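**Student:** the following block contains a protein sequence and its predicted model.
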Amino acid sequence: MSLPPELVEIERRVSNWGRWGDDDQLGCGNLLTTETARRGAASVRSGRRIGLAVDLRADGIQVGQPARRYNPILTVTSLNERDQYAPGIWEGTDDVVFMSTCAGTHIDALCHVSYGGKLYNGYPTTAVTAQYGASVLGAERLPQIVTRGILLDVPRVHGVECLDQIDPGYAITEDDLDAAAELARVEVLPGDVVLVRTGMMRHYHRGDRMRYAVGTAHSLPGLSSGTVEWMHRHDVAGAFTDTYAYEAFPPTQADWSDCLAVHLLQIRDMGMLQGQNWDLEELAEACAEEGRGDVLLLAAPEPLVGASSTPIAPVAVL
């Protein structure tokens, strides 16, 4: 099975292979520069800080689809204990966590998805092994994100709480992104990061974990393959969403040959930063109150060597 011809044409137009050198492992992270950091800093007006990460917890976002994705399991390894070699009156507690690297709010490494036996920039999929993880394009290669974040609040454009009120599998279009940028009163520039809100996080906050993770009748709103060229045209460094799947489900092709096409085109072909389960609800309310959509975005990926994705705790500063 191969990509549908129309997606092959998109791949040819958006590919960044070789753009930053044949040995590049940073992809669109190269667009994060001192200039974009200063642009982000210039967005700070009130100094209000809003965290964009969900809590990491045993009853978190993961519901078993797909299999072998685990919510964090916290185990206390020492409880109010003393160390015989460290005198004093102190007592300490330590713990260990077992979790999937994509269990909660996360960013995908450029080794996360592939097709045709190739990862971003032509690296072979054999560079990822079960024993050692990724020898190239692992999470330790991801950049620290200090740039301007642009909230693209698509539900607010349509006057709804969540896009699944329009269609359970609502596919976000270029027109949606343009309208959301206009609502944010900003021009999206190279090196910006877009925060695409669908409203799906509201279901999670209301306790409906299944609806958040698998949608209604396995339909989920999200980005469509039609938005890939929009991201490339604007040269964004990354896009992060408040959804589990990132892109709209189900796929459009009967044989599912376009399954996860947005992932494939953005990560494998563009080398674009991408991630899911970002909590954009409080930020959306704050931006609506202030009539704006630009913020300073700060996010440092955990440098897990060889990992295909990694937890992240982003902060937006208004």
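**Tutor:** Yep, that arrived. On a predicted model such as this, the values are computed, not experimentally measured, just so you know.
**Student:** how about the helices in the chain?
**Tutor:** With DSSP state H as the criterion, the chain has helices at 5-14, 34-41, 154-158, 174-184, 201-205, 209-214, 228-234, 261-263, 281-290.
**Student:** let's have these in TSV, adding mean neighbour count and mean pLDDT.
**Tutor:** For the C-beta atoms, the positions are set from N, CA and C on the backbone; glycine is no exception. Conversion of these to TSV gives the following (neighbours: other CB atoms under 10 Å; pLDDT from 0 to 100):
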stretch	mean neighbour count	mean pLDDT
helix 5-14	14	95
helix 34-41	16	98
helix 154-158	21	98
helix 174-184	19	98
helix 201-205	19	98
helix 209-214	18	96
helix 228-234	20	98
helix 261-263	24	97
helix 281-290	17	97
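**Student:** looking at those, which is closest to residue 127?
**Tutor:** Between residue 127 and those, the tightest spacing by CB to CB is seen for helix 261-263, at 18.2 Å.
**Student:** so how far is the closest one off the chain centroid?
**Tutor:** Relative to its parent chain, helix 261-263 has a centroid offset of 12 Å by CA atoms, centre = their mean, to the nearest Å.
**Student:** and the residue nearest to residue 68 when sequence neighbours are not counted, what does it touch?
**Tutor:** Counting by CB to CB, 6 or more residues apart in numbering, residue 68 lies nearest to residue 100, which is 7.7 Å off, once chain neighbours are set aside. Applying CB atoms under 8 Å, 6 or more residues apart in numbering, one finds that residue 100 lies in contact with 62, 68, 69, 70, 71.
**Student:** pLDDT wise, what is the residue nearest to residue 109 when sequence neighbours are not counted at?
**Tutor:** Spatially, and ignoring its direct neighbours in sequence, residue 109 is nearest to residue 139 (4.4 Å; CB to CB, 6+ apart). Note on residue 139: pLDDT of 98.
**Student:** same question, residue 255
**Tutor:** pLDDT, residue 255: 88.
**Student:** tell me how many other residues crowd it.
**Tutor:** By other CB atoms under 10 Å, the residues close to residue 255 number 9.
**Student:** now swap in the one 4 residues further on and tell me
**Tutor:** The criterion is other CB under 10 Å. On that basis, residue 259 has 15 neighbouring residues.
**Student:** count of neighbours near the residue nearest to it when sequence neighbours are not counted?
**Tutor:** In space, and not counting its chain neighbours, residue 259 is closest to residue 251: 4.7 Å by CB to CB, 6+ apart. The tally of other residues near residue 251 (other CB under 10 Å) stands at 17.
**Student:** roughly how far apart are residue 251 and residue 242?
**Tutor:** Remark: distance between residue 251 and residue 242 (CB to CB, to the nearest Å) = 21 Å.
**Student:** list the contacts of the residue nearest to residue 109.
**Tutor:** Taking CB under 8 Å, 6+ apart, one finds 101, 107, 109, 301-310 in contact with residue 139.
**Student:** in PyMOL, how would I select just the buried ones from the residues you listed?
**Tutor:** Of the contacts of residue 139, the buried ones can be selected in PyMOL as follows, counting by 16 or more other CB atoms under 10 Å:
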select buried, resi 101+107+109+301+302+304+306+307+308+309+310
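**Student:** would you mind giving the contacts of residue 139 as CSV with distance to residue 93 added?
**Tutor:** Shown next, in CSV, are the contacts of residue 139 (distance: CB to CB, whole Å):
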residue, distance to residue 93
101, 25
107, 30
109, 32
301, 27
302, 22
303, 26
304, 24
305, 27
306, 30
307, 27
308, 31
309, 29
310, 25
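**Student:** now render the helices of the chain as CSV, adding distance to residue 146.
**Tutor:** Output for the helices of the chain, formatted as CSV (distance: least, CB to CB, whole Å):
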stretch, distance to residue 146
helix 5-14, 25
helix 34-41, 4
helix 154-158, 25
helix 174-184, 20
helix 201-205, 24
helix 209-214, 29
helix 228-234, 19
helix 261-263, 25
helix 281-290, 17
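**Student:** quick one: which of the ones you listed is nearest residue 58?
**Tutor:** helix 209-214 (12.0 Å).
**Student:** residues contacting residue 96?
**Tutor:** Residue 96 touches 74, 75, 77, counting by CB under 8 Å, 6+ apart.
**Student:** cool, residue 127 as well?
**Tutor:** 111, 119, 134, 135, 136, 137.
**Student:** make it 6 Å
**Tutor:** 135, 136 (CB atoms under 6 Å, 6 or more residues apart in numbering).
**Student:** how near is it to residue 308?
**Tutor:** Counting by CB to CB - residue 127 and residue 308 are separated by 12 Å.
**Student:** the residue nearest to residue 259 against residue 261, yeah?
**Tutor:** No: here residue 251 lies out of contact with residue 261, judged by CB atoms under 6 Å, at a distance of 7.1 Å.
**Student:** correct me if wrong: residue 1 contacts residue 257.
**Tutor:** Yes: assessed by CB under 6 Å, residue 1 is found in contact with residue 257 at 5.3 Å.
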